[in-house]
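>>> Predicted coordinates and the sequence they were generated for:
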Amino acid sequence: MFEYTFQWRVVWKHWPQLLEAGLLTLQLTILSIIIGLVIASVLAVFRDSSNPFAKYLSVTWVALARNTPALLQIYMAYFGLGAFGIHLSPYTAVLGAVAFNNAGYLAEILRGGFSTVPASQKFAARGLGLTATQSYIYITLPQVLQAVFLPIVNQVIWAMLATSLGMIIGLQELTGMTTFLQSQTFRPFEFYFVAACMYLVIAKIATMLAQIVAAHMFKGGADK
């Protein structure tokens, strides 16, 4: 017969530590997305470049990021670079690896967004007297943002979940801290259940906020 006494007070006692770990997870997520977007913007331009080296760099980066496990990328950042005398902290290794992964996926998202804008619109804008910069800001960019906004939000959620792999190298983000606390209190179900709820709540809030922003920016055209 099933016999188990839930002890939620143990979790509540350690709530400050879980909250701090959750904030660390959010910090890693936001920073990795920002870094990933900056790199992805360059990679997206390089992909259609006439420069062979730039194009090869973009293609290789995207292929490695999208076709190798995120865990392997974290291992490479933390253990692999150590072979060359580059020793990163768990925080830096996870941030770098997740940002690397984000850049690969975001580059393809951005490239797909730019491909949705017909070249004829750019020529028409120039014909109306707009400069290349004005054409980009007022014609191209709004359409690209609408096309890629929600896919980028999905990547944000994926990045948040990927940070949990940091526990493998000792980083005490949300999953790492949860694992540590349950090992100290012997209450695995309570801690893992609460951690799962925290991930779920963060993801749902992010999705809801993104839909609200999309509805205002794109006149509701990005509703799911």
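The structure has been received and is ready for your questions.
>>> Mind listing what's buried along the helix or strand bottoming out on mean pLDDT in the chain?
Least confident helix or strand, the chain: helix 132-135 with a mean of 76, by mean pLDDT, DSSP states H and E. By neighbour count on 16 or more other C-beta atoms under 10 Å, the buried set for helix 132-135 is S135. All C-beta spots, glycine's among them, are computed from the backbone N, C-alpha and C.
>>> just checking, what packs against it?
Packed against helix 132-135 by the contact rule (3 or more C-beta pairs under 8 Å, 6 or more residues apart in numbering; DSSP states H and E) you find helix 119-127.
>>> what sits up against the helix it packs on?
The contact list for helix 119-127, computed with C-beta atoms under 8 Å, 6 or more residues apart in numbering, reads A132, Q134, S135, Y138, I139, T140.
>>> returning to that earlier point: which SSE is immediately downstream of the least confident helix or strand of the chain?
Downstream of helix 132-135, the first helix or strand assigned by DSSP states H and E is helix 141-162.
>>> Can you say which two of the contacts of helix 119-127 are spatially most distant?
Within the contacts of helix 119-127, two members stand farthest from each other by C-beta to C-beta: A132 and Y138, at 11.4 Å.
>>> shared neighbours of those two, anything?
The contact lists of A132 and Y138 share no entry, where a contact means C-beta under 8 Å, 6+ apart.
>>> Quick one: low-confidence residue ranges for this protein.
1-2, 219-224 (pLDDT under 70).
>>> center of it, which residue is that?
Geometric centre of the chain, nearest residue: A159, 3.2 Å, by C-alpha atoms, centre = their mean.
>>> Hmm, N102 and that residue touching each other?
Yes - using C-beta atoms under 8 Å, A159 makes contact with N102 at a distance of 5.5 Å.
>>> can you give me the strands for the chain?
For the chain, no strands are identified by DSSP state E.
>>> just the helices in it please.
8-13, 15-47, 52-67, 70-75, 90-115, 119-127, 132-135, 141-162, 174-185, 188-217 (DSSP state H).
>>> I'd like to know which of these lies nearest to A83.
The nearest among these, by C-beta to C-beta, is helix 70-75 at 11.7 Å.
>>> which residues touch that closest one?
Helix 70-75 is contacted by residues A65, A93, V94, A97, V98, F100, N101, A162, L165, G166, I168, I169 when judged by C-beta under 8 Å, 6+ apart.
>>> Among those residues, which one has the most neighbours?
Most neighbours among the contacts of helix 70-75, by other C-beta atoms under 10 Å: V94, with 30 neighbours.
>>> excluding its backbone neighbours, what's nearest that residue?
G166 (4.0 Å; C-beta to C-beta, 6 or more residues apart in numbering).
>>> The one you found contacts G96, doesn't it?
No - using C-beta under 8 Å, G166 is not in contact with G96; the gap is 11.2 Å.
>>> Quick check: the gap between F114 and A40.
Using C-beta to C-beta, to the nearest Å, F114 is found at 12 Å from A40.
>>> higher neighbour count, these two?
Shown here are F114 and A40; by other C-beta under 10 Å, A40 has more neighbours (28 against 17).
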